[in-house]
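> Give me a 3D structure for the following:
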Amino acid sequence: MPAAHERLAVLLSQSRRAVIFTGAGISTESGIPDFRSPGGVWSRMKPIYFDEFIAKEEQRREAWRRVFANSSGWVGAKPNEGHHAVARLVAAGKAVSVITQNVDNLHQESGVPPEQVIELHGNASYATCLACGLRHELEALKQSFLGRDMIPLCRECGGLVKTATVSFGQAMPSEAMRRAEAETLACDLFLVLGSSLVVFPAAGFPRRAKENGAKLAIVNREPTPLDGHADLALHEEIGPLLSAVVPAFPA
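Coordinates of the predicted model:
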């Protein structure tokens with residue numbers, strides 16, 4: 001095993017309460033395009049801001065058209081070896097939680113208990129009513145939208161329904177942010193996987209962990225602004241690296 005990989009294995013073996021922080025880079029290995037990179041989703045279509053969704057019927061219709069056309073590319077994607085390695089870390093008790101910027105539900109599908117996944121940007125696998133918070137399954141909404149051209153409304157209160165993701169201009173979920181802050185301050189190792197660490201406020205968590213005394217390890221294909229502050233920074237593919245490293249420490 002290369003020396004840098006051994007250093008990551010040692011950090012994991014010494015940790016008693018690790019937090020894993022994931023960004024788009026872990027899911028691109030499942031074929032999901034990065035939203036912000038050149039050639040990504042937002043370079044091909046303009047994002048719809050939250051206030052536009054609320055105010056304009058044509059924007060709501062376009063948002064739902066994109067959902068059911070799978071414009072984001074996540075529908076049908078499966079967890080990759082990186083997701084499965086993260087799930088093994090959680091199952092072994094090494095990682096107490098997964099804080100993710102992703103909305104693709106792949107950590108849950110890989111076996112991480114939903115209550116241990118903290119979703120900073122929501123979840124694209126279902127929808128919620130913006131008025132009463134009722135959950136709506138996408139398949140039922142799809143039938144109405146495509147079959148009868150009906151923009152989804154809440155079956156209980158008639159309020160606007162939107163995928164359970166955080167749109168541009170929408171407030172971050174307060175409970176998820178509170179939990180992420182608490183886990184960040186309680187961990188002894190903060191492991192970043194596949195995040196460029198430039199999108200705030202989420203990107204502030206690894207710095208907080210380091211300032212609070214935790215070890216900081218970063219695995220990302222490209223350099224990040226925090227590489228110089230990290231105890232270990234590796235510019236590699238996540239899945240192959242974790243597949244080699246995770247079995248190397250005792251559960």
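> Please make it C-alpha for all contacts and neighbour counts, starting now.
Noted.
> Pull out the buried residues from stretch 232-249.
232-234, 237-239, 241-243, 245-246, 248-249 (16 or more other Cα atoms under 10 Å).
> got any ranges where this structure has weak pLDDT?
1, 35-44, 72-75, 248-251 (pLDDT under 70).
> Which strands or helices does the lengthiest strand in the chain pack on?
Using DSSP state E, we find that the single longest strand of the chain is strand 122-129. With contacts taken as 3 or more Cα pairs under 8 Å, 6 or more residues apart in numbering; DSSP states H and E, strand 122-129 sits against strand 135-137, helix 138-148, strand 161-165.
> Let's see which of the buried residues of stretch 232-249 end up in helices.
Residues of those located in helices (DSSP state H): 238, 239, 241, 242, 243, 245.
> follow-up on the earlier one: want to throw the buried residues of stretch 232-249 into CSV with distance to residue 175?
As requested, the buried residues of stretch 232-249 are exported to CSV (distance: Cα to Cα, whole Å):
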residue, distance to residue 175
232, 30
233, 30
234, 31
237, 31
238, 28
239, 30
241, 32
242, 30
243, 32
245, 32
246, 30
248, 35
249, 33
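> Can you tell me which of these is nearest residue 82?
residue 239 (3.8 Å; Cα to Cα).
> pretty sure the closest one contacts residue 82?
Yes: if you go by Cα atoms under 8 Å, residue 239 and residue 82 touch, sitting 3.8 Å apart.
> overlap in contacts of those two?
Residues touching both residue 239 and residue 82 by Cα atoms under 8 Å, 6 or more residues apart in numbering: residue 26.
> Helices of the stretch 1-150 of the chain, start to end?
All helices of the stretch 1-150 of the chain, identified by DSSP state H, counting those that start in this stretch, fall at 3-14, 24-28, 41-44, 50-55, 57-68, 81-91, 106-109, 138-148.
> nearest to residue 169, of these?
helix 50-55 (5.4 Å).
> What residues of the closest one count as buried?
Those would be 50, 53, for helix 50-55 by 16+ other Cα under 10 Å.
> on that earlier part again, quick one: distance of the longest strand of the chain to the chain centre.
13 Å (Cα atoms, centre = their mean, to the nearest Å).
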